[in-house]
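Engineer: what follows is a predicted structure for the sequence shown.
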Amino acid sequence: MVLEDLFRRPSTLTRLRLPPLGPIMDGLCEWLGFRGYSQHGIRRRLRQVSHFNRYLRRRSVKDVQDVTPRHAERFIEKHAPPCRCTGRHRHRSGPSNSTRYLMDYLSASGLFILPSLASSPKQELLQEYLDHLKYERHFAETTIHTHRKYLTPVLEELGAAPVKALHKLTPEKILALFTNHVRDLEMSSRRNVRGVLRSFLRFGHQKGYLERDLAEVVPQIRRYRMSDVPRGVSDEDARKTLEGIDRTTPVGRRDFAMIQLLYTYGVRGGQLRALRLEDIRWRESRIRFPACKRGKEVLEPLSEEVGESLLDYLRDGRPRALYPEVFLTVHPPYRPLRAAARLSTIVAERMRQAGVSQPKGSHAFRHGFATRMLQHGQTIKTIADLLGHRNINTTFIYTKVDIETLRQLPLDWPEV
């Protein structure tokens, strides 16, 4: 896509091609288009960028190579009107917001490098640890995000000089630190804090911030096997949720297709987010869900209802963006649904709108699927294959909710 595809008036084209930004305008068009903006949206942003271009010419900037982040900062401060309630600048006004997109494009194109922000010792230590997880231990982005979430408050408590505080850590201080952070958390979050803290302490010992490995000091949190009963959404509530979705809008078509896949196949949210266009094998009437959490991939027949809802979304709901993933965001810049929390929030909100109280979230449909299969007489092995469990012992948790079978277990007592 080039400027001539968007503008017909010669005077407009001439103005947009003026230096210093004129030579990169075609590339900016293509960059915005790849991110899912409509032609109307691209035209509007290019007109706004032209204001910044005029600002640069007034300051005698003749080449795009001479543009600096400081130019953008001054332009944004000048053109972002103050908010009436706080008096602060609103940086999301038209020209200033479009200038931010321009600077992102220039940075992505290698025309200049954004200066790194000054960071505190806590931020530096946190980033060093996260880089260790990414490049040395090859953790997934979602796992790294979890470590960031639970480690940040721990570093806050270590103070302004966390490296010095690490040298002074004792087993008693670690125990107090751990107890303080898990006191008000649920069991699953406590286990997360324990794992993150142990990993961080091993990292500190490896880097020389700790004289000895204190990871084992973090107390064990006992969790007995099959101690919980999975809470799945009932068949009635699942259908109620689907029926309550307005399918006349793009977001409604997307949410209906996602929830119907969760209900029909019981897949994990991560498998749904990773689903690609090529995984829908229309000619074979099959659908493939990639492996997740060390499980197995799932290959199932594509039901007629699921196929119709997917076609409805792909034809009239999915944005035209060059991503292989099936499900994308509904507002530009369009991108795949990356965060698991985002998907669960969407599902939980649809359940709330339908009047479904508990349980909520995408995983409730997985539990409901397994329970439904068990009640229909499917074997544990079959359910394990459908869920993608590599170890059949993982599936035995669902035997605790098979009430009808449990009723047949008590023996007759002669004296009763």
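Structural biologist: Ah, there it is. Residues are numbered from 1 along each chain as shown.

Engineer: low-confidence regions, this protein specifically.
Structural biologist: Scanning the chain for pLDDT under 70 picks out the ranges 1, 36, 79-96, 110-119, 222-231, 293-294, 339-341, 389-416.

Engineer: now with 50, please.
Structural biologist: In the predicted model, the chain carries pLDDT under 50 at residues 82-93, 114-118, 226, 404, 406, 408-409, 411, 416.

Engineer: quick one, helices of the stretch 301-416 of the chain?
Structural biologist: Using DSSP state H, counting those that start in this stretch, the helices of the stretch 301-416 of the chain run over 304-316, 340-353, 362-375, 380-387, 403-407.

Engineer: can you tell which of those helices is closest to residue 157?
Structural biologist: Ranking the helices of the stretch 301-416 of the chain by distance to residue 157, with CB to CB as the measure, places helix 340-353 first at 24.5 Å. Just so you know, the C-beta spots here come from the backbone N, C-alpha and C atoms, and that holds for glycine as well.

Engineer: that closest one: which residues count as buried?
Structural biologist: By neighbour count with 16 or more other CB atoms under 10 Å, helix 340-353 contains the buried residues 340, 343, 344, 346, 347, 348, 350, 351.

Engineer: from the chain's centroid, how far away is that helix?
Structural biologist: Put simply, helix 340-353 sits 13 Å off its chain's centre (CA atoms, centre = their mean, to the nearest Å).

Engineer: and what of stretch 285-302?
Structural biologist: From the chain centre to the centre of stretch 285-302 is a distance of 20 Å (CA atoms, centre = their mean).

Engineer: before we move on, what about stretch 55-71?
Structural biologist: Counting by CA atoms, centre = their mean, stretch 55-71 comes out at 36 Å from the chain centroid.

Engineer: now stretch 308-316
Structural biologist: With CA atoms, centre = their mean as the basis, stretch 308-316 stands 23 Å off its chain's centre.

Engineer: list the buried residues for it?
Structural biologist: Across stretch 308-316, burial judged by 16+ other CB under 10 Å covers 309, 310, 312, 313.

Engineer: for stretch 17-26, how far is the first residue from the last?
Structural biologist: Taking CA to CA, to the nearest Å, stretch 17-26 runs 9 Å from one end to the other.

Engineer: who touches that stretch?
Structural biologist: Stretch 17-26 has contacts (CB atoms under 8 Å, 6 or more residues apart in numbering) with 1-3, 16, 46, 49, 52-53, 56-57, 61-64, 66-67, 102, 105-106, 109, 111.

Engineer: equivalent analysis for stretch 255-262, please.
Structural biologist: Stretch 255-262 is contacted from outside by 238, 241-242, 245, 247, 267, 269, 272, 275, 305-306, 309-310, 312-313, 317, 327, 343, 346-347, 350, 362, 365-366, 369, using CB under 8 Å, 6+ apart.

Engineer: one more: stretch 265-279?
Structural biologist: With contact meaning CB under 8 Å, 6+ apart, stretch 265-279 is reached by 142, 258, 261-262, 287-290, 292-293, 298, 300, 314, 324-327, 336-338, 340, 343-344, 362-363, 365-366, 368-370, 373, 386-388.

Engineer: picking up where we left off before, okay if I get the buried residues of helix 340-353 as a markdown table plus distance to residue 176?
Structural biologist: Output for the buried residues of helix 340-353, formatted as a markdown table (distance: CB to CB, whole Å):
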| residue | distance to residue 176 |
| --- | --- |
| 340 | 32 |
| 343 | 37 |
| 344 | 33 |
| 346 | 39 |
| 347 | 39 |
| 348 | 35 |
| 350 | 43 |
| 351 | 40 |
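
Engineer: any chance of the helices of the stretch 301-416 of the chain in TSV, with distance to residue 12 too?
Structural biologist: Formatted as TSV, those follow (distance: least, CB to CB, whole Å):
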stretch	distance to residue 12
helix 304-316	32
helix 340-353	39
helix 362-375	47
helix 380-387	57
helix 403-407	71
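
Engineer: of all the ones you listed, which one is nearest residue 170?
Structural biologist: helix 340-353 (35.6 Å).

Engineer: which other residues reach that closest one?
Structural biologist: Residues outside helix 340-353 that contact it (CB under 8 Å, 6+ apart) are 142, 233, 237, 241, 244-245, 255, 258-259, 262, 269-270, 272-273, 337, 360-365.

Engineer: name the helices or strands packed onto the helix or strand containing residue 155?
Structural biologist: Element membership of residue 155, judged by DSSP states H and E, is helix 141-158. Packed against helix 141-158, as judged by 3 or more CB pairs under 8 Å, 6 or more residues apart in numbering; DSSP states H and E, are the following elements: helix 121-131, helix 162-167, helix 171-182, helix 187-206.

Engineer: repeat the analysis, applying 7 Å as the threshold.
Structural biologist: With contacts taken as 3 or more CB pairs under 7 Å, 6 or more residues apart in numbering; DSSP states H and E, helix 141-158 sits against helix 121-131, helix 171-182, helix 187-206.

Engineer: as CSV, these with distance to residue 154 and mean neighbour count would be great.
Structural biologist: CSV is the format used below for those (distance: least, CB to CB, whole Å; neighbours: other CB atoms under 10 Å):
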stretch, distance to residue 154, mean neighbour count
helix 121-131, 10, 16
helix 171-182, 6, 15
helix 187-206, 7, 18
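
Engineer: next, format those as TSV and append distance to residue 75.
Structural biologist: As requested, the helices and strands packed on helix 141-158 are arranged in TSV below (distance: least, CB to CB, whole Å):
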stretch	distance to residue 75
helix 121-131	28
helix 171-182	44
helix 187-206	42
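
Engineer: looking at those helices, which is closest to residue 159?
Structural biologist: Judged by CB to CB, the one of these that comes nearest to residue 159 is helix 121-131, at 8.4 Å.

Engineer: roughly how far apart are the closest residue to residue 171 other than its chain neighbours and residue 175?
Structural biologist: If the residues on either side of it in the chain are set aside, residue 171 comes closest to residue 217, at 4.4 Å by CB to CB, 6 or more residues apart in numbering. Shown here: residue 217 relative to residue 175, a distance of 7 Å by CB to CB, to the nearest Å.
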